[in-house]
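Visitor: just need the structure, nothing else, for what follows:
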Amino acid sequence: MENILKNPGYKFVDPTPDTVYMFCYTSGTTGDPKAAMLTHQNLLASATSCKYGGIDVGNEDSYISYLPLAHSFEQCLFIMAMIRGVKVGYYSGDVLKLSEDCEVLRPTLFPSVPRLFCRIYDKITSRLKDLTGMKSYLANRAIQSKLYYLEHTATYTYSLYDMAVCNKFRAILGGRVRLMVTGSAPIAVDVLNFLKVCFCCPILEGYG
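Guide: Reported below is the predicted structural model:
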């Protein structure tokens, strides 16, 4: 790149809204993978419209960047962060240690994909199965009660259960997450609702 810039014949051309920003390769589920051309206009439109989709964040928020930068989802999140002043923290490089990274960063926004959300779901349900006696009763009563209120009143919080039970689940992602986003593929409704009540916050679905 440095040699190109030193070339006297090189001329930098400012991008336009229709200039290709990146190639995003499709998965190939309907044939050979294809390089979808995404323009500056595409990414800026997606990033600026996040607010109207429910991702209302500002300079007091932070998110952890660990999704592939070659994916349009992560690119959109990063551009949105620059526009809205959201702080970005980068994971250590090992997705299996993501929970440890979240303990350090304590993000308020947690974007992910169904595969990882399902792992978190499995981790929590495994913990619940290991509980016995009064702890088991209280934890399962909290989950079932909150699922009931989520269905009937669309609420995610219940102060008593949140303090006694759900704060332990929220600690998995640092304890400050107030908004979660899932994208790139569909996610099971029961998993989605379970995680909403465990983390006491909405989970926006960007796939569809």
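Visitor: pLDDT below threshold where in this structure?
Guide: 1-5, 28-29, 207-208 (pLDDT under 70).
Visitor: pop the domain breakdown of it in here.
Guide: As recorded under automatic domain parsing, the domains making up the chain are 1-92, 113-208.
Visitor: gap between the last one and the chain center?
Guide: Distance of domain 113-208 from the chain centroid (C-alpha atoms, centre = their mean, to the nearest Å) equals 14 Å.
Visitor: repeat that for the first one.
Guide: In terms of C-alpha atoms, centre = their mean, the centre of domain 1-92 is set 16 Å apart from its chain centre.
Visitor: where's the spatially most central residue of the chain, which helix or strand?
Guide: In the chain, the centroid-proximal residue (C-alpha atoms, centre = their mean) is P111; its distance is 0.6 Å. Secondary structure from DSSP states H and E places P111 in strand 109-112.
Visitor: burial of Y158, as a residue count?
Guide: By other C-beta atoms under 10 Å, the residues close to Y158 number 19. For the C-beta atoms, the positions are set from N, CA and C on the backbone; glycine is no exception.
Visitor: ok, residues contacting the helix ranked longest in the chain?
Guide: When the chain is parsed with DSSP state H, its longest helix is helix 133-153. For helix 133-153, contacts defined as C-beta atoms under 8 Å, 6 or more residues apart in numbering pick out 128, 131, 155-156, 158, 161, 164-166, 193-194, 196-198.
Visitor: can you show me the CA trace of it as PDB?
Guide: Provided in PDB are the C-alpha atoms of helix 133-153 (Å, rounded to 0.1, in the frame of the first residue of the first chain):
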ATOM      1  CA  GLY A 133     -33.300 -28.500  46.900                       C
ATOM      2  CA  MET A 134     -34.500 -24.900  47.500                       C
ATOM      3  CA  LYS A 135     -32.000 -23.500  45.000                       C
ATOM      4  CA  SER A 136     -33.400 -25.700  42.200                       C
ATOM      5  CA  TYR A 137     -37.000 -24.700  43.200                       C
ATOM      6  CA  LEU A 138     -36.300 -21.000  43.300                       C
ATOM      7  CA  ALA A 139     -34.300 -20.900  40.100                       C
ATOM      8  CA  ASN A 140     -36.900 -22.900  38.100                       C
ATOM      9  CA  ARG A 141     -39.800 -20.900  39.700                       C
ATOM     10  CA  ALA A 142     -38.000 -17.700  38.600                       C
ATOM     11  CA  ILE A 143     -37.600 -18.800  35.000                       C
ATOM     12  CA  GLN A 144     -41.200 -20.100  34.700                       C
ATOM     13  CA  SER A 145     -42.700 -17.000  36.200                       C
ATOM     14  CA  LYS A 146     -40.700 -14.700  34.100                       C
ATOM     15  CA  LEU A 147     -41.600 -16.600  30.900                       C
ATOM     16  CA  TYR A 148     -45.200 -16.300  31.900                       C
ATOM     17  CA  TYR A 149     -44.900 -12.500  32.300                       C
ATOM     18  CA  LEU A 150     -42.900 -12.200  29.100                       C
ATOM     19  CA  GLU A 151     -45.700 -13.900  27.200                       C
ATOM     20  CA  HIS A 152     -48.600 -12.000  28.800                       C
ATOM     21  CA  THR A 153     -47.100  -8.500  29.500                       C
END
